[in-house]
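Visitor: Build me a structure from this.
(chains A, B, C and D)
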Amino acid sequence: MDLAYKILIDPFMQMGAAPDLLVQTLWEGLVAGVLYSLIALGFVLIFKASGVFNFAQGIMVVFAALTLVGLHELGIPAFVALFLTIVVMFGLAFLVERLMLRPLVNQPDIILFMATFGLTYFLIGFGELVFGGNPKKMIASELYLPSGAYDIKMFGGFVSLQKIDIAAAVIVSLMVLFLALFFQKTRIGRALRAVADSHKAALSVGISLEQIWVVVWFAAGIVALVTGIMWGARSEVSFSLQIIALKALPVLILGGFTSIPGAIVGGLIIGVGEKLGEFYWGPLLGSGIESWLAYVIALVFLLFRPQGLFGEKIIERI
Amino acid sequence: MRVPGGADIATGGVLLAVENVSLAFGGVKAVTDVSFDIRKGEIRAIIGPNGAGKTSMLNIINGFYQPQHGRITFKGETRSKMRPHDAAKGGIARTFQNVALFRGMTSLDNIMAGRTLRMNKNLFWQLLRFGPAMNEEVEHRRRVEEIIDFLKIQEIRRTPVGRLPYGLQKRVELGRALAMEPELLLLDEPMAGMNLEEKEDMSRFILDVNDHFGTTVVLIEHDMGVVMDLSDRVVVLDHGVKIADGTPDEVKRTQAVIDAYLGVAH
Amino acid sequence: MPFDASAVADTFPKLLMRNAQWYGTRPSMRHKDLGVWQSWTWSEVAELVRAYAAGLHRLGVQRGETVAIVGANRPKLYWSVMAVQMLGAIPVPVYADAVAEELSFVLAHADVRFAAVEDQEQIDKIQSVLDRLPKLEQMVYDETRGLRDYDHSKLTSMENVIADGRKALAEDAALGAWLDGEIAATQGADPSIILYTSGTTGTSKGVVLTGERSVRAASDTVAFDKLTENDVALAYLPLAWVGDHYLNYAQGLVSGFCMACPESADTAMSDLREIGPSFYFAPPRTLEQMLTRVMIRMEDAGLLKRKMFHYFLGVARRYGERILNGQSVPLVGRLLYWLGHILVYGPLKNTLGFSRVRVAYTAGEAIGPDLFAFYRSIGLNLKQLYGQTEAFLYITAQPDGAIYSDTVGPACPNVDIRIAENGEVLFKSPGMFSGYFKDDAKTAEAMTPDGYVMTGDAGFFDEKTGHLKIIDRAKDVGKLTDGTLFPPKYIENKLKFYPNIREVVAYGDKQGFVTVMINIDLTAVGSWAERNNVVYASYQELAGHALVYDMIETHVAETNASLAADKMMAGVQIKRFLILHKELDADDGELTRTQKVRRGFIAERYATLIKALYDGSKEADISTEVTFEDGRKGTISARVKIRDMAIAPLPALGQAA
Amino acid sequence: MFYREAGQFKTTYQADQAVFPILQDRIGLAVILVGAFVFIPFAASDFFINVIMIPFLILALASIGLNILTGYTGLLSLGTGGFMGVGAFACYKLTTFFPGVNVIVWIFVSGFFATALGILFGLPSLRIKGFYLLVATLAAQFFLDWSFIRIQWLTNYNTSGAIEVPTRTLFSVPLTGPNATPQLRYLVILAIVTLLTWLASNLVHGRIGRMWMAVRDMDLAAELIGIPLYRTKLLAFAISSYYCGVAGALMVFFWYGSAEPGVFNIDQSFTILFMVIIGGLGSLTGSFFGAALIYGLPIVLKVGLHGLGWNILPATIEHLTFMTVGALIVLVLIIEPLGLARLWQITKQKLRVWPFPY
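Guide: Below you'll find the model as predicted:
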């Protein structure tokens, strides 16, 4: 009885008792969710266009952020460094296509997926070799990103909203909008969707698969860079993000592997769910449940709706 | 020589009956109110133009799809819902339009896999792999070798099926289905994509299976010549609806068939 | 089984019973069937054959009558031969790939009442000519498959016959005793088997061989090659051919060695590798195909490996034969050969299945010297054998240590050879036939008054070695208009050693010069075409390709050069050649069932081409009727190109010949 | 080239179905076994046994476990580390509760605890497959990893949060703990790994192996020939986790001697997965190859670079290892998606048909 009370009643009592804390927790969850969404967005871009499940998206975030900071440390002005980082991400996309995707064309998806494991490890080693393994500070102010917080009075307490988080939300919205337009309106965007539907169809309208791949990997690289900047501005740039990036997986389960809105909504749900769980139920289990809660949520979700929130029902044909 | 529609057919009881079966995906109707029966020991063909619902019909029979309406009676037992592997247990085997072999395994292992249902030595013996497990393995290997001999695929016994040409893959797939010793064998376009010689071989095998093991065969086939030669009775589907049913000769004379199928395809 | 093993075993059934006592638990037969080598010991075989014989007896098989055996090399068919012989009846094996026409001739001529056949295919064939075989009463078959709906009043499965016999033997002790009596009653002088000749010349004749003579011939060679019950042979050549009956069946029963039957004709090569025989026989054609395949497969190897392969083949050419013959070889040679053995010859022989071969024979037709040397040089103890059906294939054989590629060896033990005035080889031997079945006139024709058999082959004893040299069929050796001796087969064999050339027919008799018609080897040339980006859709297209002609031309030129080097042959160099638009085929009657060319028939069939070869045309049109595999007939026509060849200068003395 | 197979024919299915039908392979295997059981314990240095052989064998065992799941049954898993941890902690708890029972018994028993959890986390495999299933295994990994840290009962409330392996003996000779000799620990591991490999080989060569592979290659067809998908997958989870559990227990008891919970984090899962990929999916031999390569590579790099006279920081070597492993994975997948095992098979085939190229 005591346990049932602790699980089923007590947390809600707490929520009611201190609504300001609840709002704060929700906000924290949404903010974390934005990060997850961004990483998931990178996954979705590549998965949609090439069917490759890019495990390296997480390390690409770290790599992009480190490059930016590293270049700036060499004395290069912030925006020049930003431009150079974009160039580096393009180079990466180009090399990945040339050295990894092209030789593996026509292999089963699972093989390509495993290849991205290889890419992940390579980038970890390479990144640490070049930039060192220590965490770095993001050059947020140099990029004119806001800092500080708005403290809003609410329910007899304060809710603190970091300005950088608000900026992140705005930037993410803009980026999603931009991507949506890109997919709908441009020739390359339409080509990308054609490829997603059928490789053969795409080839028959004269689109080079190689170009497409470079473009989507580059796009994913840009998303990674933005993610890296936002996230770095909140905490610091380190390789531990690698593990956090795995959270994109439950996000994708919720949102579906091919849906951009799904990635966003899924990310927010996971972010909020995780924070609420940790804050209100975590103490019961000795806290730290954040590390696995997202996966369990996704798992439970999977059992009831395997195709995700936005995916279509899968009809298997033989 | 074999006489189509011979003595067996006249006396054989109904093995499987399809009654008023309908199936739709979303709004798309695949099969609408189809009824027909399959008698013991006969070769029954299902023909019809592309998209006529032939493959869907097979998928319904072996439990891969559940029809929304109608019922199926197999060996006198009417069933509402059945999983594919229950169908397998009940004695229904099938092959696929696009060969569905286990590509990472050899021909021998593929056919051995077809015996899974008949092997029952438990995990303990499997771990030791001698005594009962080995005896069982050997006993079933012998049966599988008979099938290999029957289908004349001795020289590809140890070849991974992924490396085989299409015609041989189809033969191995037939072998896997035969290994189940089914009462009812469903063949989905067993001769698609074959050259004349391979088709003749495959026809021979189908007749021999029917003759030698007394297996009832349901077959989907595009080649009209083959259908007319092989089958005892033919069901014709068009857009999911049955438009004719009878012996090849009867069916050939049916106006609806001539309009819907023969007239178009030939 | 009350049987006195020490008594003289002068028939095969007696040998079988003897082996069951001497080698009871040793393997007698193996058959790759259902994936593994099914094996039977001598005592199991003896028991099976006795049961089978009892069953056949109950079916009505009588002493002295003939029983046809139709099918491939399978234990049950060999047992059929044994069981029939056990009853004192005479087995008449027929080639499994014989068309219905040939089959009906043999079955009718031999008056068979019973036939033991392999499967549905053979039954269908026999049933299609049943109206011509009024005497045929009953067929027993091995494979049940596809026969369920057949009328079984005339069909029984061997399985049933054996089971029935076994049951009868168990129930009735008198039957067993009777059977023992039958075995003992059969005399060595009684006919043991009738083998129909393949019919290189006209219709086939039934060669009657007796038990005693067959056993004596086999005993001689078993002793000659020291074969024992520990040896293993692969029976893959037609069961109806004298070679198989002698080398495998007779020698097997005499020595007690184990005879292995391949799974199918397609798998014979891999079965050979698995079983690893110690006694091996192959006609030159098989050896040639094998070498062609070796060379083609090596073409696809990496450069380094290819270089290494050819280097060591060179080493083998230089030293191999001398080492095999026990002659002296410099130390460097021995070392290189040893290295070659590790890197090339050993593995090569192993992949071909020759690792354990102690004695290998080739016979049937002349073997190209280079081909022969190749196998010997890599350490395979290949020897030549000369004989014919009438001699139970037993006239001369090369003894270990005295092998010359251009001779077929000295007379076998107890064989008497004489060369007739016209150069024809005559012999008298322990294994010689007792006559042609139902044809005393032909028998008399084939014999000299003093009891020698005429072989029909021209030959002479080599002065240096004393070994017999066969040039050609006596009647085939012709003369050019200038009187130069023209042995067509000699020329053909020289060309056939090129892997790209599969078949050659040479003409020149009563002509001013020599011309040849060539069949390219589709496997070899096809693989060459692939490497050289030559596109072709059919044999015909490839055969007519200019580049193929160029390639064959160089082969002919080399052959001419080699002919010019020999003063006897310098006059028969090839002046013109063409490449035939279709493959010569036994189904079209162009080859015999043993794959020998039927020169006369071909000359008739391709008369227009031969005319063109001699009238100087640059090309000629031809259309020929062909038989497809399923028996349908069709016509193919083509325009065939003809090329002229330069003639190497004749040595001055050459004119004298 | 060294394969001389002429005359090696089979007269029974039993011989034909043997795992090593070729005589030369059987000889090779015998040589390896004699070398491993006799030569190495006597001739090899403690360093070699401790640093090379013991880790190699244990990692190979874990790879076999994962290979059963991923390579044979086609179910991708990132929970290996977690299942290994379950084995290790179970063994620790068991041997502290019942010190009287021989520790080797507990090693084998602890695998069953991993099996139980493996089945639990394999339950979703009925509904989900492919990348989706990865989530289930990640849930297992992170949940278990978290449990090892949070549930102090598992470490007997040790203040350091780590487990210290107590000394356990067999006939009063120490098997585990600080006083156990490397040779003895090595022999125990070798015996267990050999036994379990033999059992796994029996499984994959029989009915169950065929069922796994059928599910992997084409699950729909597998179902239609009567293979129960769900039970087959769960069996793969169960057996795979058992192997991982035993490997985990061996790792702590016979290799590390003590272990912080972090040992069984996701990186461990990755390492084992890489071993399976590089070694060869669906090959037991490959598991050994993979373990040797991935574990041996850093050692070779370190020794090699030091041998060249370069004085390189350990961290740099670690970075280089990461890069090399990453590049190697991509390279192996490009050259031969089925890994070193397939390469070895091709080489062997080449040797068998030598001098021919195919």
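
Visitor: so who does the residue of chain A found nearest chain C touch?
Guide: Nearest to chain C in chain A, going by C-beta to the nearest C-beta, is residue A:103, at a distance of 21.9 Å. Every residue, glycine included, has its C-beta placed from N, CA and C. Listed by C-beta atoms under 8 Å, 6 or more residues apart in numbering or on different chains, the contact partners of residue A:103 are residue D:334.

Visitor: now it, what's its secondary structure?
Guide: helix (DSSP: H, G, I helix; E, B strand; the rest coil).

Visitor: what separates it from residue B:16, distance-wise?
Guide: Between residue A:103 and residue B:16 the distance is 50 Å, computed by C-beta to C-beta, to the nearest Å.

Visitor: what's the answer for residue C:14, then?
Guide: 61 Å.

Visitor: What of residue D:129?
Guide: Counting by C-beta to C-beta - residue D:129 and residue B:16 are separated by 31 Å.

Visitor: so where's chain B uncertain?
Guide: Across chain B, residues meeting the criterion (pLDDT under 70) sit at B:1-12, B:261-266.

Visitor: Can you say which helix or strand has the residue of chain B found nearest chain C in it?
Guide: Residue nearest to chain C within chain B: residue B:145 (3.7 Å; C-beta to the nearest C-beta). Counting by DSSP states H and E, the element that carries residue B:145 is helix B:132-151.

Visitor: Would you mark the buried spots in that helix?
Guide: B:133-134, B:136-137, B:140-141, B:143-145, B:147-151 (16 or more other C-beta atoms under 10 Å in any protein chain shown).

Visitor: Let me know whether that helix sits next to chain D.
Guide: Yes. Helix B:132-151 is in contact with chain D by C-beta under 8 Å from any C-beta of the partner chain, via B:133, B:134, B:136, B:137, B:138, B:141, B:142.

Visitor: Chain D contacts on the stretch 101-250 of chain A?
Guide: A:103-104, A:107-111, A:113-115, A:117-126, A:128-129, A:133, A:243, A:246, A:249-250.

Visitor: Mind checking which of these are buried?
Guide: Among those, those that count as buried by neighbour count (16+ other C-beta under 10 Å) are A:104, A:110-111, A:113-115, A:117-126, A:128-129, A:246, A:249-250.

Visitor: any chance you could map the helices in the stretch 201-318 of chain A?
Guide: Using DSSP state H, counting those that start in this stretch, the helices of the stretch 201-318 of chain A run over A:209-234, A:241-244, A:248-255, A:260-276, A:282-285, A:290-304.

Visitor: Compare these and give me the one nearest residue D:119.
Guide: helix A:290-304 (14.8 Å; C-beta to C-beta).

Visitor: Give me the neighbour count for the closest residue to chain D within the stretch 201-350 of chain C.
Guide: Closest contact between the stretch 201-350 of chain C and chain D, by C-beta to the nearest C-beta, is at residue C:276 (2.7 Å). The number of residues packed around residue C:276, counting by other C-beta atoms under 10 Å in any protein chain shown, is 22.

Visitor: got the contact list for it?
Guide: So residue C:276 contacts C:232, C:353, C:355, C:356, D:6, D:7, D:8, D:9 (C-beta under 8 Å, 6+ apart).

Visitor: circling back to that earlier point, which of the residues of the stretch 101-250 of chain A next to chain D fall within helices?
Guide: Among those, DSSP state H puts A:109-111, A:113-115, A:117-126, A:128-129, A:243, A:249-250 in helices.

Visitor: hang on, the earlier thing: of residue D:129 and residue B:16, who's got more company?
Guide: More neighbours surround residue B:16 than the other of residue D:129 and residue B:16, with 22 against 18 (other C-beta under 10 Å).

Visitor: Tell me if I'm right that the more buried one and residue B:73 touch.
Guide: Yes. The pair residue B:16 / residue B:73 is scored as a contact, 6.8 Å apart, by C-beta atoms under 8 Å.

Visitor: Now residue C:274: closest residue in space that isn't a chain neighbour?
Guide: residue D:9 (4.3 Å; C-beta to C-beta, 6 or more residues apart in numbering or on different chains).

Visitor: Just confirm that neighbour is within a helix.
Guide: No. Membership of residue D:9 in a helix is not supported by three-state DSSP, which gives coil.

Visitor: how near is it to chain A?
Guide: With distances taken as C-beta to the nearest C-beta, to the nearest Å, residue D:9 is found 37 Å from chain A.

Visitor: next one: phi and psi at that residue?
Guide: Note on residue D:9: backbone dihedrals following degrees, to the nearest 10 are phi -110, psi 160.

Visitor: That one: neighbouring residues, count only.
Guide: Count around residue D:9 with other C-beta under 10 Å applied: 20.

Visitor: pLDDT at it, what is it?
Guide: pLDDT for residue D:9: 91.

Visitor: Grab the nearest non-local neighbour of the residue of the stretch 201-350 of chain C closest to chain D.
Guide: Per C-beta to C-beta, 6+ apart, closest to residue C:276 is residue D:7, 2.7 Å.

Visitor: Run through the residues that contact that neighbour.
Guide: Counted by C-beta under 8 Å, 6+ apart, residue D:7 has contacts C:274, C:275, C:276, C:355, C:356.

Visitor: Next to chain B, which bits of chain D? Give me the list.
Guide: Counting by C-beta under 8 Å from any C-beta, the residues of chain D near chain B are D:12-14, D:16-17, D:199, D:202-203, D:205-208, D:210-211, D:213-214, D:216-218, D:220-229, D:235, D:282.

Visitor: so the residue nearest to the spatial centre of chain B, which of the three states?
Guide: Nearest to the mean C-alpha position of chain B, by C-alpha atoms, centre = their mean, lies residue B:186 at 1.6 Å. Taking three-state DSSP as the rule, one finds residue B:186 in the strand state.

Visitor: Would you indicate which residues of stretch D:267-286 are buried?
Guide: D:268-286.

Visitor: And the strands in the stretch 51-200 of chain B, which stretches?
Guide: B:69-74, B:77-79, B:92-95, B:184-188 (DSSP state E, counting those that start in this stretch).
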